[in-house]
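J.: can't give you the sequence, but here's the structure:
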């Protein structure tokens, strides 16, 4: 989903619903009428069988088979359904034009590329807590029957699950795992928020991939980069049957330069209904795309249909080589065929870095280690115009927290955790979700001194959430 940059509306497209078309009503005209139509059809097929591509099939010619049909035509002329072209030529394929050059058959290319694309299901667990007052606003304000008795008390957390659909592309294996590239927003879900009545956290609970043969397997996150919107997930090779190994393919990555006007094929799990292939052309290169998370990325624009669920899928050239990772589309009113893909030329190095990371599991909220800060993103104005580093800026520090003990300061900007780049406060929260309490981590911090930022590396031992609430 793209961010509203002017007056455009960006929204998720819903599935179109089509009703069955009404059946055509036919009128019977008797045996002679049927004979007329049959004779005409036979004559027409004979004309094409003889190689006539332009012939004018007049009434006399079509009805010249028998005296019976001639009499029927004269008697029922007002009701006849005649095959008639008059003096005009019929539409036909030119003799010197090959069918494949007009509407190329890409079925073989699509069949090969499909074997490298997977469907991804992200099961999301959302926990909601009343936050010290009733989670029901009606109950809080009116409190009929004393139902606001728990005002000022913590509520029992409520947990629900939901699923999101996306796509991925098989890019290799390391001897133990099958490696799959996708978008960060497909593989990683980690959000939290507060309202007057409740607070919530929503995180990825489980990732599953479905291969071209229909088999489904649990996947583990290897690494993710929110700034680039890329991630790599892995499935143990030992989990795959020989039949599945024979069915799937590793995508061939193109070394050719992508050009405007080049034909492309987008393959992905559109609307979560299974793999779909759409075709089009590269419309533009090096487009700056600002998404709803406020991050601007440089991507290629294509007119191949890219819909919800296509994210993370492959963009292939006419040879079936991978040239991009589908990521977003513009759905503003009045806008058509504005899809975007991350070029493989800019994604290769990041994917190579992510695929070499150790698989990690996102920990449950009550099992995570906490730093003890509240932060915010460094906005793009300060980054682009005033030389601020992108990262998570510390706004407040919890007393007696690990952050305070380690010497972190308000306005420090955290730019990395154990060498993993941090571009936003949400990225910091996501990265910390992999670490348990009592784990020592190394933070890369940019601290302002005078008129410049100075980088420092600070070790912090994380604490449990409960220990900081005491």
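T.: Cool, the structure landed. Please read all numbers here as calculations on a predicted model, not as lab measurements. Numbers count the residues shown, from 1 in each chain.

J.: beta partners of the closest residue to residue 462 other than its chain neighbours?
T.: Spatial nearest neighbour of residue 462, chain neighbours left out: residue 369 (2.8 Å); criterion: CB to CB, 6 or more residues apart in numbering. For glycine as for every other residue, the C-beta is placed from the backbone atoms N, C-alpha and C. On the basis of DSSP bridges, residue 369 is bridged to residue 464.

J.: For residue 369, list the residues it contacts.
T.: 432, 435, 436, 437, 438, 439, 462, 463, 464 (CB atoms under 8 Å, 6 or more residues apart in numbering).

J.: rerun that using 7 Å as the cut-off
T.: Residues in contact with residue 369 (CB atoms under 7 Å, 6 or more residues apart in numbering) are 432, 435, 436, 437, 439, 462, 463, 464.

J.: Which of these fall in helices?
T.: Among the contacts of residue 369, the ones falling in helices (DSSP state H) are residue 432.

J.: Can you convert the contacts of residue 369 into a markdown table and add a column each for distance to residue 166 and neighbour count?
T.: Below are the contacts of residue 369 laid out as a markdown table (distance: CB to CB, whole Å; neighbours: other CB atoms under 10 Å):
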| residue | distance to residue 166 | neighbour count |
| --- | --- | --- |
| 432 | 24 | 19 |
| 435 | 25 | 20 |
| 436 | 28 | 11 |
| 437 | 31 | 17 |
| 439 | 30 | 15 |
| 462 | 30 | 20 |
| 463 | 34 | 21 |
| 464 | 32 | 16 |
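
J.: Relative to residue 176, how far out is residue 237?
T.: With distances taken as CB to CB, to the nearest Å, residue 237 is found 6 Å from residue 176.

J.: wait, residue 403
T.: The gap separating residue 403 from residue 176 is 37 Å, by CB to CB.

J.: mind showing which ranges of this protein have poor pLDDT?
T.: 1-86, 89-102, 130-155, 195-197, 293-294, 331, 333-335, 469-470 (pLDDT under 70).

J.: Identify the residue nearest the geometric centre of this structure.
T.: residue 311 (1.5 Å; CA atoms, centre = their mean).

J.: and that residue, how far is that from residue 442?
T.: From residue 311 over to residue 442 (counting by CB to CB), the distance is 32 Å.

J.: who does whichever strand or helix holds residue 112 touch, helix- and strand-wise?
T.: Under the criterion of DSSP states H and E, residue 112 resides in helix 107-114. Where contact means 3 or more CB pairs under 7 Å, 6 or more residues apart in numbering; DSSP states H and E, helix 107-114 is packed against strand 263-268.

J.: The strand it packs on - contacts with which helices or strands?
T.: helix 107-114, strand 276-290, strand 314-317.

J.: run the last query once more with 8 Å
T.: helix 107-114, strand 158-173, strand 276-290, strand 314-317, strand 322-329 (3 or more CB pairs under 8 Å, 6 or more residues apart in numbering; DSSP states H and E).

J.: Buried residues of the shortest one, list them for me.
T.: Yep, that's strand 314-317 we're talking about. Residues of strand 314-317 classed as buried: 314, 315, 316, 317 (neighbour count, 16 or more other CB atoms under 10 Å).

J.: The closest residue in space to residue 188 that isn't next to it in sequence: what secondary structure?
T.: Closest residue in space to residue 188, ignoring its immediate chain neighbours: residue 224 at 4.9 Å, by CB to CB, 6+ apart. At residue 224 the chain is in strand, as set by DSSP: H, G, I helix; E, B strand; the rest coil.

J.: shift numbering so it begins at 334
T.: All right, first residue 334 from here; so that's residue 557.

J.: Please name the bridge partners of residue 557.
T.: residue 564.

J.: will you turn the contacts of residue 702 into CSV that also has distance to residue 706?
T.: Output for the contacts of residue 702, formatted as CSV (distance: CB to CB, whole Å):
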residue, distance to residue 706
765, 10
768, 14
769, 18
770, 16
772, 16
795, 11
796, 12
797, 15
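
J.: Of the contacts of residue 702, which pair is most distant in space?
T.: 765 and 797 (12.5 Å; CB to CB).

J.: which neighbours do the two share?
T.: Counting by CB under 8 Å, 6+ apart, the shared contacts of residue 765 and residue 797 are 702, 703.

J.: Next up, the contacts around the residue nearest to residue 521.
T.: Residue 557 makes contact with 517, 520, 521, 563, 564, 565, 687, 763 under the criterion CB under 8 Å, 6+ apart.

J.: coming back round to it: compare residue 570 and residue 509 and say which is more crowded by neighbours.
T.: Higher neighbour count among residue 570 and residue 509: residue 570, with 13 against 10, using other CB atoms under 10 Å.

J.: Tell me how this protein divides into domains.
T.: Using automatic domain parsing, the domains assigned to the chain come out as 363-425, 448-580, 700-802.

J.: In stretch 448-459, which residues are buried?
T.: For stretch 448-459, the neighbour count (16+ other CB under 10 Å) marks 448, 449, 450, 451, 452, 453, 454, 455, 457, 458, 459 as buried.

J.: In this structure residue 734 contacts residue 798, no?
T.: No: between residue 734 and residue 798 no contact is recorded; they are 10.7 Å apart, counting by CB atoms under 8 Å.

J.: More neighbours: these two, which one.
T.: Set residue 734 next to residue 798 and count neighbours by other CB under 10 Å: residue 734 wins out with 19 against 14.

J.: Leaving out sequence neighbours, find the closest residue to that one.
T.: Residue 734 sits nearest to residue 705 (CB to CB, 6+ apart), 2.4 Å away.

J.: neighbours around that neighbour, how many?
T.: 22.

J.: Many thanks, we can stop here.
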